[in-house]
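[1] Predicted coordinates and the sequence they were generated for:
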Amino acid sequence: MISKTKMAGLMVALMALSAPMVYADNGGGDKDTWHQDGDRHQAKEEHMMAQVLNLSGTQEKQLKDIKQKQRDAKKSIFEQMKANREAFESEIVKATPDMSKINDLQTQIKTIQSQMADDHLSFILDIKKLLTPEQFAGYMALEKEEDLKKHEGHEGHEGFDHKDWAK
C-alpha cells in the first residue's frame with residue numbers, strides 16, 4: 001500500500017508533469033495533426049496517472065477503455081446539445097419567436113443535461129468498481145485538481161469565484 005504522504009507527493013509530481021500542453025496552429029489548420037497530438041498527450045497523461053495510482057496493467061487498460069467509452073458517448077451528446085442550443089438561439093432572436101418551439105428545445109436541452117449527469121455518474125461508478133479504495137481516492141483527488149486547473153481562468157468573471165465553486 002502507498003502511504004498518504006507518498007500518494008500526495010506522487011500526485012504533486014503528476015500535476016507538475018502533466019501541465020497543459022499548448023498546441024499551436026502553424027497556419028495550416030491540419031486538424032488531424034492536432035487530434036493526433038491531443039491523443040498522444042492524453043495517452044501520456046493516462047499512463048502517468050496509472051503510475052501515480054499504481055495501477056496494474058489490466059487496470060490501466062480497463063481504465064483506458066472506460067474513458068474511451070465515455071469520450072465516445074460525450075461526443076454524440078455534445079453534438080446534440082450544440083444543435084439544440086443553436087436552434088434555441090436562432091428562435092429566441094426572432095422578432096416573433098415561436099414559444100412552443102422554444103419550450104420544446106428547452107425541454108430537450110434539460111433532458112440532455114440530465115443524461116449527461118447520469119452518464120457521468122455511471123462513468124465514476126465504473127471507475128470505482130475497477131480501482132481499490134486507495135486508488136479511487138487518489139483518482140478523485142487528481143480529477144478535482146484537474147477541474148480546478150480548468151476553472152482557474154474564470155476568477156475575473158463577475159459573480160464567479162472558482163475558490164467558492166470548488167468547495
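    Nice, I can see it.
[2] mind listing what's buried in stretch 45-52?
    Glu45, Glu46, Met48, Met49, Ala50, Val52 (16 or more other C-beta atoms under 10 Å). C-beta coordinates here come from the backbone N, C-alpha and C atoms, glycine included.
[3] So which of these sit within helices?
    Judged by DSSP state H, the buried residues of stretch 45-52 include Glu45, Glu46, Met48, Met49, Ala50, Val52 as members of helices.
[4] Going by distance to Met140, which of those residues wins?
    The closest of those to Met140 turns out to be Met49 (C-beta to C-beta; 11.9 Å).
[5] separation between the closest one and Lys110?
    According to C-beta to C-beta, to the nearest Å, Met49 and Lys110 sit 33 Å apart.
[6] where in the chain is pLDDT low?
    1-39, 41, 153-167 (pLDDT under 70).
[7] those helices in it, which residues are they?
    4-17, 31-52, 57-92, 99-130, 133-151, 162-165.
[8] buried residues in the fifth one?
    The neighbour-count check on helix 133-151 (16+ other C-beta under 10 Å) flags Gln135, Phe136, Gly138, Tyr139, Leu142, Glu145, Glu146 as buried.
[9] As JSON lines, those with distance to Asp104 would be great.
    Below are the buried residues of helix 133-151 laid out as JSON lines (distance: C-beta to C-beta, whole Å):
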{"residue": "Gln135", "distance to Asp104": "44"}
{"residue": "Phe136", "distance to Asp104": "40"}
{"residue": "Gly138", "distance to Asp104": "44"}
{"residue": "Tyr139", "distance to Asp104": "39"}
{"residue": "Leu142", "distance to Asp104": "40"}
{"residue": "Glu145", "distance to Asp104": "40"}
{"residue": "Glu146", "distance to Asp104": "36"}
